[in-house]
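*Asks:* Structure, please.
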Amino acid sequence: MEPPSRHAGTDIIIEDARWRSSVSDTERTIHRALTAVARQGGPDFSRSPAPSILLSTDRIVKRLNARFRNKNKPTNVLTFEPVSPLHGGDIILGYETVRKEADAAHRSMRAHLSHLVVHGALHLAGYDHYLPGEARDMEGVETRTMRQLGFGDPWRQAGRRA
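*Replies:* Below is the predicted model of the structure:
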């Protein structure tokens, strides 16, 4: 039996069974990603409220993206800021888009799920990627975190920066 997670407060809701069939030990994968990002300077959810993570479908993500971002299309991950100091925010992923991206990049679903959880956690910590300097900083933390988890640089595809 595994020791209790440092992120035991993280609510993980798996709405679509395909997540479990694509990533064995789905919850453990998420907890490992949250622990690793804290070691690289991201949020330490053992000291602050942990996010809720929803593994859903593109249909749900598209609906939320339209409602809150005025973009009527699915995306891989949505992050919502905490609604109170006692709430850690929300990270929501759409299965179909994540699967397509993982397949296109020749990455495992475990690696891509880990990357997107790290990406979402960094957004909750205030990182962003709209300006070149911000993107470079955020991508650097993501790359170091993914390497710590035993995965490659998530921004490299076929030997080139994505």
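*Asks:* From here on, just use CA atoms for contacts and neighbour counts.
*Replies:* Will do.
*Asks:* give the contact list for residue 152.
*Replies:* 143, 146 (CA atoms under 8 Å, 6 or more residues apart in numbering).
*Asks:* mind running it again at 10 Å?
*Replies:* Going by CA atoms under 10 Å, 6 or more residues apart in numbering, residue 152 touches 107, 111, 143, 144, 145, 146.
*Asks:* try residue 149
*Replies:* Contact partners of residue 149, counting by CA under 10 Å, 6+ apart, are 29, 32, 33, 35, 36, 37, 111, 114, 115, 143.
*Asks:* thinking again about what came up before, and the contacts of residue 152, which two are the farthest apart?
*Replies:* Distance extremes for the contacts of residue 152: the farthest pair is 107 and 144 at 17.0 Å, using CA to CA.
*Asks:* Of these two, give the one with the bigger neighbour count.
*Replies:* residue 144 (19 against 16; other CA atoms under 10 Å).
*Asks:* wait, the more buried one sits on residue 42?
*Replies:* No - using CA atoms under 10 Å as the test, residue 144 is too far from residue 42 to be in contact (11.0 Å).
*Asks:* so which strand or helix has residue 137?
*Replies:* helix 132-148 (DSSP states H and E).
*Asks:* Could you list the low-confidence segments of the protein?
*Replies:* Scanning the chain for pLDDT under 70 picks out 1-8, 157-162.
*Asks:* And the residue nearest the centre of it?
*Replies:* Centroid check for the chain by CA atoms, centre = their mean gives residue 117 as the closest residue, at 1.6 Å.
*Asks:* Tell me the spacing between it and residue 70.
*Replies:* From residue 117 across to residue 70, the span is 23 Å (CA to CA, to the nearest Å).
*Asks:* Residue 29 now?
*Replies:* From residue 29 to residue 70 the distance is 31 Å (CA to CA).
*Asks:* what does residue 156 give?
*Replies:* According to CA to CA, residue 156 and residue 70 sit 30 Å apart.
*Asks:* Return the backbone torsion pair for residue 106.
*Replies:* phi 60, psi 40 (degrees, to the nearest 10).
*Asks:* and it, how many residues sit next to it?
*Replies:* The number of residues packed near residue 106 is 12, by other CA under 10 Å.
*Asks:* Check the gap between it and residue 83 for me.
*Replies:* 36 Å.
*Asks:* Equivalent analysis for residue 18, please.
*Replies:* 29 Å.
*Asks:* of the two, who's got more company?
*Replies:* Per other CA under 10 Å, whichever of residue 18 and residue 83 has more neighbours is residue 18, with 15 against 10.
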